[in-house]
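**Student:** Give me coordinates for this.
(2 chains)
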Protein chains: 2
Amino acid sequence: MASDLENLRLSLAEKQAAVEKQGDVVRALKASEAKQSDIDAAVSALQALKLELHNASKDYAALSGAANGNVSNETFRKEVNNTLERRFFIIPSFQIYGGVTGLYDYGPPGCAVKANVLAYWRQHFVLEEGMLEVDCPCVTPHVVLKASGHVDKFTDLMVKDEKSGQCYRADHLLKEYCKENLEKDLLMSTEKRDELKHVLAVLDELSAEELGAKIKQYGIVAPDTKNPLSDPYPFNLMFSTLIGPTGLLQGYLRPETAQGIFVNFKDLYYYNGTKLPFAAAQIGQAFRNEIAPRQGLLRVREFTLAEIEHFVNPDDKSHPKFKDVADLKLLLFPREEQMNMKDPVPTRLGDAVAKGVINNETLGYFIGRTYLFLITLGIDKLRLRFRQHLLNEMAHYACDCWDAEIECSYGWIECVGLADRSAYDLKAHTEKSKIELIAREKFTEPKEVEKLVIMPIKKETGRFFKGDARKVEEALEAMSEPEAMEMKERLESEGQVSFKVCTLNKDVTINKNMVSISKTVEKVTGRSFTPSVIEPSFGIGRIIYCLYEHSFYTRPSKTGEEQCSVFRFSPVVAPIKCTVFPLVQKKEFDARATELSKQLTRAGLSCKIDTTGTSIGKRYARTDELGVPFAVTVDAEGVTVRERDSKEQIRVPAEEVPSLLKDLCDQQLSWEEALTRYEIVGGTNTV
Amino acid sequence: MASDLENLRLSLAEKQAAVEKQGDVVRALKASEAKQSDIDAAVSALQALKLELHNASKDYAALSGAANGNVSNETFRKEVNNTLERRFFIIPSFQIYGGVTGLYDYGPPGCAVKANVLAYWRQHFVLEEGMLEVDCPCVTPHVVLKASGHVDKFTDLMVKDEKSGQCYRADHLLKEYCKENLEKDLLMSTEKRDELKHVLAVLDELSAEELGAKIKQYGIVAPDTKNPLSDPYPFNLMFSTLIGPTGLLQGYLRPETAQGIFVNFKDLYYYNGTKLPFAAAQIGQAFRNEIAPRQGLLRVREFTLAEIEHFVNPDDKSHPKFKDVADLKLLLFPREEQMNMKDPVPTRLGDAVAKGVINNETLGYFIGRTYLFLITLGIDKLRLRFRQHLLNEMAHYACDCWDAEIECSYGWIECVGLADRSAYDLKAHTEKSKIELIAREKFTEPKEVEKLVIMPIKKETGRFFKGDARKVEEALEAMSEPEAMEMKERLESEGQVSFKVCTLNKDVTINKNMVSISKTVEKVTGRSFTPSVIEPSFGIGRIIYCLYEHSFYTRPSKTGEEQCSVFRFSPVVAPIKCTVFPLVQKKEFDARATELSKQLTRAGLSCKIDTTGTSIGKRYARTDELGVPFAVTVDAEGVTVRERDSKEQIRVPAEEVPSLLKDLCDQQLSWEEALTRYEIVGGTNTV
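**Tutor:** Numbers count the residues shown, from 1 in each chain, chains lettered A, B, ... in the order given. Below you'll find the predicted structure:
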């Protein structure tokens, strides 16, 4: 399957090259003013090649991505989403009122998966790394998000249908126009083709004016009505609200949880015993009032973020536990490989940091931990890559940035952002709040530091400047080192200098005997600095959606008449750990099943009892669709336990069932080991 | 302590009675036109009694409530809150910008306590009761909250300072005025006293006009500026926002999580196999834009709710597990006891339901489960009562309503609401959405049901009414049973009747031969109905705050020079389960401590290592203040484990520490049992 796809991709590249080569031929013939018949022949050859390319592209698109049986991305996605909605993993919110775009509800199994993912996140990050978890409100006052830059910059460019008022993202419309034309217009000139490709490449950097000009130039209209569009203008993505009854305190719903941590830096630093590095973490809702949400669960208006802010000395970003992840090999997609159109390659994390591909150990450590987190959940490691931001993608203050991208039917989706944000946020809040958000470093040994000493000779300045003396003295003391050293030099050579005193708004003359300027050496025991922040930020909903796609498969039912859907959830994330069935409807079996299910619940395993009379095969299919890893069946001979994916069954003494399942679900025991301990029965034939 | 308080309360009641009696004497003397000197003497005796009453009230207030050492409520509260803020359990949000009233952050220990409380809630309710948990967005469109009644009725009455614009809750100002005057004005006439008492009693029922009139009558002004106040007007407590970029879709932040469950009823019912009863649950943020938040953590603008909606057949509110809680004895405060000014009494739940004090078994079952939940967390069962709503407190649709109230320094605080909301919510959403939110009951045996059959004789109506015939027929068919039976009777006696056809906007004459009206008996196998909802709704923040107060105590430090604060958290809620100390700073001890702490973390126990060089006593004090139940100390001779409240210590082989602590924290083993298994060392003397 994968190699089919690879062959198709290679053939596609060849066809692309052939089209380009033939284009050159046509251009050369035209330039050399060749015979018209030769030109015509070359053009029709070009058209044939373009058609071939077009068909090959379609084949490739149909086969790529899903890599899941012989189905297209769209078909596969539809199957997954049908199952997700049918089994109430997730459904559009407020459906009885027609729903609201971009808002979704987690139903019981979805809610359990989410709770499991978050519990594991807490164990893997907060507990194991000793992070300081905080919990801040969603409602945030204007001043905080003004300081962070969100009020001014957290915008998308929007265009409005001039008649209906419907809103669109300007870049989306332009992107769709370019993509569609590149795909469909086979006779497009190479110049035009290059232009559209260039637009796609620089799309994210276009200003409102540039976007507007392109939209006008290409005659792009509103997709739904074909009405003309307004000029693009920035639309702030924060939900806005008013705090308190006066209507005077502007607030927003937080667009990320990070700011709640930054404004608490001082208290967190003290809580940690004024020691660096340390990490704070927060799990919570975030809100973005998307202009036109699409891609189902991937771009929504309210979502759960799990964010870490790791505060570190900017001069020392080493990490004591980096060695624990240094040998991990994962798909890295550095900036350079992207620019040269290469593919991501499996790279040893230790090498990537050593070579400077990843900026520092701490960032590398979190990339490794994120990798482990995601694959433990059940993300396919072959469809997980870490892509470095291109220079133009990165915020100006960031020093390195990697996205954990997971491939699903929508393509490669950013699910975790790992950014070294330098000292930007703490500095911004320090400036706005006037509260210093800094750390203090104690040197292991005192350092000798040269220090400038400016000492006005007050007797002289007083005598000379009278009432203005104090302002002159203050201005002298406030000189920067270069200014002071220049004055010292000129006073020594010329005896006096002219000096501007801003607070007096005039120049005065300073004589040699009015000020002493010197440098001394001092012993310094430490220094204050603004810590750097390394931020891994997890989009929980996106991770869960990709997990659904990676866990989904179908297999024929027992009779072979229909396809059954299965989620191959690991016990860590499975919404229900086991189902308990009485084999047939019988009072005695029901009672034993109820007792077993009570014991399992008491052992902390979420379990479901199914005493409906439907056939055991149908009941297995139902539980497979929910991704329940184990099914416990009570019959006349005792109890059997079935594993979902292998469909193998073992006979287990009733009293051992709770502890066996606890061990299997805590992954203290593998199914393979369990098979060796108990009698294997029936096997795959029975269902 | 408690009996001191009881004595004081009795003496207070006596003094109150004496004042009232003497008041009667004065009035009688005046009425009988007695000698002025006799009247004067009686009046001055009355004044003396009033003064005594006033002083006794003050003594009682100073001593009551906290019941925690010899401190007043205010002092005790201040101590608790100092510790909570100092150790970063909770702090006002956005403090570097001056904070926002009513918004708080949970710092690391507070966040851990909250996560533990929620995890235990999930185990105790969702898992053990097999509830369907859902997770819906905070952003909610107008239509949902219009249907639920929140848009129109979720308001408080507000008055504004007419000059400064500052806002106040009208009822709060009136309440304070009455309370203050009742306390301070000792010479107030009995009439006035009775009036103010009456106002306090009916405060919640006053309309805007009545409140405004009282405020005017008493000359109440703005407390901060003494400016005049506006008339009261309703202020909606929902935070309002706009969804999407067009500005046309009005939304709110949900004021409760329940509505997300109601609008999903249909899907939940199907998910549950179309069986009743079942319960859905949701944990999430809710928002109320309070006019003037006060009482610290008890009245905030954003908070976590954990809500259960138990859907049940209105004709059968029995609960199969009620017997599991029937023998619980808890403090019930029924309506009648409140009206007769009696105290709550310990009552067996089974008796309360049998006597109809609690409306039904299901409501009783949840009261019992809530009781168990709260006392397992660590709420003092002597300061937990279940108070029934008075008839005027209850929503008109509710059929019974109890609040779990916990006593803290602010008085008795509603922390859990347990309401039988009947079918109100599902009916409201059915009406607004036109989607039927109903359940179907299958009778165990088919029932015979009388059915009305109205059959227009179309040949006759057509002949007579021509083009209007269809409308006449439809109107006939739409008659209610009483209308139809009346028509049948009159047709039989009079041969014809006049009949109003609304769609024709006129009366027509119906003859006997135009319609056949009869009743038949049908066999019916089931019926459709709107389920009733029983809703336990938990204010998680309030519960946690009360838990802090109930867990807090102080004890002298080793030297006796200062008081140390301790939280006696049970391992279920303790933010950190154990601290690991090397006894003295030594590389070897540090390494062993680090290894131990790793093992504990791996066992899923949150633990903290403290390798600072401070004295062991100070380190114990630090960990006591965080409510850490166990401290593990590594020294030359091995490892000791100390229990926080008894300060007892045992020596434990290092390799047994993780499993011992796991058993202690999972409450599989009590500390008393542990004492019998290991050597007791040092004891309370060492710290």
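**Student:** for A:Asn289, what are its contacts?
**Tutor:** Counting by CB atoms under 8 Å, 6 or more residues apart in numbering or on different chains, A:Asn289 touches A:Asn236, A:Leu237, A:Met238, A:Phe239, A:Arg301, B:Leu242, B:Ile243, B:Gly244, B:Pro245. Where you see a C-beta, it was placed from the backbone N, CA and C, and this is true even at glycine.
**Student:** Please check the residues you listed and keep the buried ones.
**Tutor:** A:Asn236, A:Leu237, A:Met238, A:Phe239, A:Arg301, B:Ile243, B:Gly244, B:Pro245 (16 or more other CB atoms under 10 Å in any protein chain shown).
**Student:** Just list the residues touching the residue nearest to the first one when sequence neighbours are not counted, thanks.
**Tutor:** Spelled out, that is A:Asn236. Closest residue to A:Asn236 apart from its sequence neighbours, by CB to CB, 6 or more residues apart in numbering or on different chains: A:Thr155 at 5.1 Å. Listed by CB under 8 Å, 6+ apart, the contact partners of A:Thr155 are A:Pro234, A:Phe235, A:Asn236, A:Leu237.
**Student:** Can you list which of the buried ones among the contacts of A:Asn289 are found in strands?
**Tutor:** With DSSP state E as the criterion, strands contain A:Asn236, B:Ile243 from among these.
**Student:** Which residues does A:Val566 form beta bridges with?
**Tutor:** Taking DSSP bridges as the rule, A:Val566 bridges to A:Tyr553.
**Student:** Look at it and say how many residues are nearby.
**Tutor:** Burial of A:Val566 is recorded as 20 neighbouring residues (other CB atoms under 10 Å in any protein chain shown).
**Student:** and if you look at the one 4 residues further on?
**Tutor:** Look at A:Ser570: counted by other CB under 10 Å, it has 17 neighbours.
**Student:** Nearest spatial neighbour of it, chain-adjacent residues omitted?
**Tutor:** A:Gly378 (5.1 Å).
**Student:** Could you check the pLDDT of the one you found?
**Tutor:** Looking at A:Gly378, its pLDDT reads 96.
**Student:** Any chance of JSON lines for the buried ones among the contacts of A:Asn289, columns pLDDT and distance to A:Arg622?
**Tutor:** As requested, the buried ones among the contacts of A:Asn289 are arranged in JSON lines below (pLDDT from 0 to 100; distance: CB to CB, whole Å):
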{"residue": "A:Asn236", "pLDDT": "94", "distance to A:Arg622": "46"}
{"residue": "A:Leu237", "pLDDT": "94", "distance to A:Arg622": "41"}
{"residue": "A:Met238", "pLDDT": "96", "distance to A:Arg622": "43"}
{"residue": "A:Phe239", "pLDDT": "97", "distance to A:Arg622": "39"}
{"residue": "A:Arg301", "pLDDT": "96", "distance to A:Arg622": "32"}
{"residue": "B:Ile243", "pLDDT": "95", "distance to A:Arg622": "36"}
{"residue": "B:Gly244", "pLDDT": "92", "distance to A:Arg622": "38"}
{"residue": "B:Pro245", "pLDDT": "91", "distance to A:Arg622": "42"}
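**Student:** Sort out which one of the buried ones among the contacts of A:Asn289 lies nearest A:Leu84 for me.
**Tutor:** Using CB to CB, A:Arg301 comes nearest to A:Leu84 of those, at 18.8 Å.
**Student:** Report the separation between the closest one and B:Ala258.
**Tutor:** 21 Å (CB to CB, to the nearest Å).
**Student:** Next: A:Ala31.
**Tutor:** Applying CB to CB, the value for A:Ala31 to B:Ala258 is 75 Å.
**Student:** When those two are compared, which one has more neighbours?
**Tutor:** B:Ala258 (23 against 8).
**Student:** so what's the residue nearest to the more buried one when sequence neighbours are not counted up against?
**Tutor:** For B:Ala258, ignoring the flanking residues on the chain, the nearest one in space by CB to CB, 6+ apart is B:Glu307 at 5.3 Å. Residues in contact with B:Glu307 (CB under 8 Å, 6+ apart) are B:Glu256, B:Thr257, B:Ala258, B:Ile261, B:Ala281, B:Gln282, B:Ile283, B:Glu535, B:Pro536, B:Ser537, B:Phe538.
**Student:** before we move on, the earlier item: quick check on the residue nearest to A:Ser570: phi, psi?
**Tutor:** phi 130, psi 10 (degrees, to the nearest 10).
**Student:** wait, it sits on A:Leu547?
**Tutor:** Yes. Using CB atoms under 8 Å, A:Gly378 is in contact with A:Leu547, at 5.6 Å.
**Student:** tell me, what's touching the two both at once?
**Tutor:** Common contact partners of A:Gly378 and A:Leu547 (CB under 8 Å, 6+ apart): A:Val573.
**Student:** ok, those two, which is more surrounded?
**Tutor:** More crowded of A:Gly378 and A:Leu547, by other CB under 10 Å: A:Leu547, with 24 against 20.
**Student:** and the helix or strand containing the more buried one, is it in reach of chain B?
**Tutor:** If you go by DSSP states H and E, A:Leu547 is part of helix A:540-551. No. Helix A:540-551 lies apart from chain B when judged by CB under 8 Å from any CB of the partner chain; the minimum separation is 10.3 Å.
**Student:** any idea of the mean pLDDT for that helix?
**Tutor:** Here the average pLDDT along helix A:540-551 is 97.
**Student:** List the buried residues for stretch A:458-467?
**Tutor:** Neighbour counts over stretch A:458-467 (16+ other CB under 10 Å) mark A:Glu460, A:Thr461, A:Gly462, A:Phe464, A:Phe465 as buried.
**Student:** out of those, which are inside helices?
**Tutor:** Using DSSP state H, the subset of the buried residues of stretch A:458-467 located in helices is A:Glu460, A:Thr461, A:Gly462, A:Phe464, A:Phe465.
**Student:** Establish whether the longest strand that chain A contains and chain B are in contact.
**Tutor:** Secondary structure assigned by DSSP E gives strand A:439-456 as the longest strand of chain A. No. Applying CB under 8 Å from any CB, one finds strand A:439-456 separated from chain B by no less than 14.0 Å.
**Student:** okay, now A:Ala428: neighbour count?
**Tutor:** Neighbours of A:Ala428 (other CB under 10 Å): 18.
**Student:** if we can go back for a sec, got the contact list for the residue nearest to A:Ser570?
**Tutor:** A:Leu547, A:His550, A:Ser551, A:Arg568, A:Phe569, A:Ser570, A:Val572, A:Val573.
**Student:** Which parts of the stretch 451-600 of chain A are strands?
**Tutor:** A:496-501, A:506-511, A:515-529, A:532-539, A:552-556, A:563-567, A:578-582 (DSSP state E, counting those that start in this stretch).
**Student:** Mind listing the strands the fourth one pairs with, and their directions?
**Tutor:** As defined by DSSP bridges, the strand partners of strand A:532-539 come to strand A:302-312 (antiparallel), strand A:411-420 (antiparallel).
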